[in-house]
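Trainee: Test case, fold it:
(2 chains)
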Amino acid sequence: MPTPHARNRPLRWLGAFLLLLLGASALAQPVSRARPPIVQLSNGLKVLGYEDRSTSLVGVFFALKVSAQAEGGELRGARDLIQEAFRFRLEQELRGDPRYLDLTAALLVGRGLNLGTEWDYLSVLSLCPRSELRPLLQVMGKVIFQEPLTPEALAAGRRALGRQWQAYQANPAEATFYLFRRALLGPDVGVQPVFADPERLDSFSPAALEDFRARYFVAANALLVLVGPDQPEQLVAEAVEAMVNAPRRPAPTGWPPHFSLQPGNVQMATTPFLRRGEAVAASLMVGFRLPPASDVDYPAALVLFEMLTGRQGLLLSNQGLQEALGLPAGGCPPGVPSPLQILGPLASAVPYLAVHVQTTPERVGIVHAALRGAFADLARAAGDREAVQRARRRALSAQALVGLDQSGRARRLGEWALFAPGWQDLESLPRRIEAVKPQDLARVIKRCLAREYVGLQMPE
Amino acid sequence: MLPRILASAVLLACLAPPSLAAATPGPVLDLARLQDQTLPNGLRVIIKSEPYWRAVVLGVVLRSGAKDDPEGKSGLAHLVEHLLFEPSQAGKSLSVEVENLGGFVSASTTADFTQLTLAVASQFAPDLLPSLAATVFGARFTAEQVEAEKTIILREIEDRNATPLGRLDNLVWSLAFTRHPYRLPITGTAETVAGLTVEDVRQFYEQHYVPGNTALLAVGDLDPTSLFALSRQHFGSYAKKDRPAESLPAEPEQTMPRTQVVPLPVGNTLLRYAWHAPGIAERSAVCAMDLIYTALDRGETSLLNRALEQKGLALNSQAGFLTQKHPGLFMITAVVPPDKELPAREAILSVVRDLRERQFSEEELGYLKRLLYADYAFANQSYADQVGSLAFYEAIDTYKFACQYLATANALTAEQIQEVARRYLGEDRFTLVIFRPQTPPDEGREA
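Mentor: Below you'll find the model as predicted:
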């Protein structure tokens, strides 16, 4: 089978750049010519075009490098509020405009536009018809970089977040995850939840929000990835046309967020939301810090994670854990949701793996001990050739299947461009995963699993 | 084919048909990007090579489904599909094998066909072909496996019957059809499933899971030449056997309305109208039905929304039409406050009457065609979606229609659409099922 990802098209790119340099003064130098490079516009915006003719749609991933650390304590939740204000304005602009007809149709069926607030960055993910790419980018450029935040948009954002706040509060796993992050990353302002309560959101002054926005929401602080049915240089040219008028302002410093290594610890809290009638539960999350995407051990961390997952992985096949969770021998019966969720390792400033379990308060100690037993099995399994082979294969498919459509591919390329030395490294990742050896796994186990981080919520 | 999606949480407040200023969009599924071969044993192999990402989605579609259940054994096709994931005599299970490769596998049974889909990193796709072939053509079943799977299916049936929408669906099809097997639930009933035996399973499998009744589909990072060769190697060794002859009873024309009212402990009235609709043999007519469905269902300024939700006559409304091998149903479903049932019913019939009596303007039709394009483009956005579309049309007609679908719809005139509405959405040819709260305020009144 061909490996088209290894294709090298330096000559075409060289020609394209000469053309663009002559024809569009907006362009500065490419970051690399070895692969379709990330192009930096004169206003600092970085753009990656990636050819993909599998459909008539274009996957759009737009990221702003604004982490929770940037909010400080005073503006906790401001990023999420501004995102919601953007959502309101983007939909308002796209609504009923004939230029966005197909995208509008997509919005009608709940597709087309997805705004996300991550701890490390903000994103807009879209899948739009090729014919509507330029107008979509024009609207995004105008709303995100140019126009001031209007009272109407902020009010709409506050209303939307008010509704989400109710759901957030009622979900104990969200708060347990926050406790786990505090254990993992320490008492840093960047650990704070991305959500804020409605009172806090009301307390932000418009001037403070606009200052924050003017500082961080600038072209030089953003990355745009376009995956679609055109030559990369044509996709980049659409971004040039649509976004080059965004003002040129300096990028803020302080990204990616930095978190010093913490000693293992437990963060605990109580909540009324674990009581539902007669039923009382405890919510436990146990995990470890993993090497970042730029680290030589990252592929081994991906394989290690896969050793835990799946029906034959070390968690669900662990008899002690099955007993502790009250599961029948052989694991969870078909159709019954698993009481155990495994998270990780995402592309982020600090990747981690974590297991969340909901159990009864009196069984927390037993379940925690059983989880430790399953984690301890990793050292043995790292020497088991069959188990390692299975995990390598699972890791390879996991990397491939995140990109079954163009928006998934755009996100994956974008995340890799943000957190790894270069997006081109994504192409070598499968080869690096296949090369993971037992000694690599043993090294990661020694390096990462010695410090255990725990978030625990008990009922009030 | 269009997905049936509830128009809930619609984002847009106002969507008047705008003028068509946007550039012409590209093809969603380009026939030139597809290749097919028929193996000597009758298996069809259809490949869309997309060398942009290291993933492959494989599908196997069987042109048999619940419509092919023998008389009195409804649910058999569905039971066999469930059993495909049981470990073989060699102790291997396709689902475990796929899971160990980090992929995912799913299967479904419809009235017309049965489909398996699996996705993996592209380098593992060749490894899976022997197991996939053995699952489809070489499976063995034991009585213990059949009994265990029946227990799971009986639970599924119970769960479905516990929801008003599940019950409504079963009731509408069983009332609208009197002879054709579309009247029977795909899962079967608790009674028919309980009576199924391992011999039934083996007989159905031997008759229907044969190369001449099957297509293998692949979309993703693969070399067609190599995959055709591997298909011949792993699937071609199974003996040639053609699809079983299909002899289904024709459904007599419905000439009078059929209505059933069911009192239920629900807060609002749930009602569904159904009209007999064209099958795939009438390609232009099914595309016309999809445009009618689009006009009725899409957006807050859709015809149903304007007639019902915006007038306070319904909390939610939905139109649905699934293209099928044989003539199926076009349906309108609404959740209405109990005191608004009669005006809501009148409003629905008035909207349908209007479709028969009035042609879409050129502007409206252009707008509907763009909406249909967007819907179809997003319904084919992933490799798995594309395998789904190609398999769908290959099962009931030919995969090529998945590529010709939009062109067929675009060629339709307002007059042709009106003709289809007149032919199928007749005033006295509907079936109506109403789930009414047990103590309705207007008890005794009937439209």
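
Trainee: Could you use CA atoms for every contact and neighbour count after this?
Mentor: Fine.

Trainee: Where does the closest residue to chain B within chain A fall, secondary structure wise?
Mentor: Nearest residue of chain A to chain B, counting by C-alpha to the nearest C-alpha: residue A:394, 3.6 Å away. Using DSSP states H and E, residue A:394 falls within helix A:385-401.

Trainee: starting at the chain centroid, how far to that helix?
Mentor: Offset of helix A:385-401 from its chain centre (C-alpha atoms, centre = their mean, to the nearest Å): 21 Å.

Trainee: what is the rounded mean pLDDT of that helix?
Mentor: Mean pLDDT, computed over helix A:385-401, is 95.

Trainee: Can I take it that residue A:456 is in a helix?
Mentor: No. With DSSP: H, G, I helix; E, B strand; the rest coil as the criterion, residue A:456 is assigned strand and is not in a helix.

Trainee: so what are the domain limits for chain A?
Mentor: Following automatic domain parsing, chain A resolves into domains at A:4-243, A:265-459.

Trainee: looking at the ones you listed, which one has the lowest mean pLDDT?
Mentor: Mean pLDDT values for those show the minimum at domain A:4-243, a mean of 82.

Trainee: Next, the closest residue to residue B:262 other than its chain neighbours: secondary structure please.
Mentor: Closest residue to residue B:262 apart from its sequence neighbours, by C-alpha to C-alpha, 6 or more residues apart in numbering or on different chains: residue B:435 at 4.9 Å. State at residue B:435, reduced to three classes by three-state DSSP: strand.

Trainee: quick one: residue B:435 and residue B:267 touch, right?
Mentor: No. If you go by C-alpha atoms under 8 Å, residue B:435 and residue B:267 don't touch, sitting 10.1 Å apart.

Trainee: of these two, who's got more company?
Mentor: Shown here are residue B:435 and residue B:267; by other C-alpha atoms under 10 Å in any protein chain shown, residue B:435 has more neighbours (22 against 15).

Trainee: Okay, and the beta partners of that one?
Mentor: Note on residue B:435: beta-bridge partners by DSSP bridges are residue B:262, residue B:270.

Trainee: Do you know the pLDDT at it?
Mentor: Per-residue pLDDT puts residue B:435 at 96.

Trainee: and residue B:246, how many neighbours?
Mentor: Neighbours around residue B:246, by other C-alpha under 10 Å: 9.

Trainee: Next up, the contacts around it.
Mentor: residue B:68 (C-alpha atoms under 8 Å, 6 or more residues apart in numbering or on different chains).

Trainee: Which single residue in chain B comes nearest to chain A?
Mentor: In chain B, the residue that lies nearest chain A is residue B:102 (3.6 Å; C-alpha to the nearest C-alpha).

Trainee: What segments of the stretch 251-400 of chain B are helices?
Mentor: Applying DSSP state H, counting those that start in this stretch to the stretch 251-400 of chain B gives helices spanning B:283-297, B:303-307, B:341-357, B:362-379, B:383-396, B:400-410.

Trainee: typo on my end, it should be the stretch 301-450 of chain A
Mentor: Along the stretch 301-450 of chain A, counting by DSSP H, counting those that start in this stretch, helices occupy A:319-324, A:364-381, A:385-401, A:406-419, A:425-434, A:438-448.

Trainee: helix/strand/coil for the nearest residue to the residue of chain A closest to chain B once chain neighbours are set aside?
Mentor: Excluding its sequence neighbours, the residue lying closest to residue A:394 (C-alpha to C-alpha, 6+ apart) is residue B:102, at 3.6 Å. Classification of residue B:102 by three-state DSSP places it in coil.

Trainee: got it, and the one 5 residues further on?
Mentor: Applying three-state DSSP to residue B:107 yields a three-state assignment of strand.
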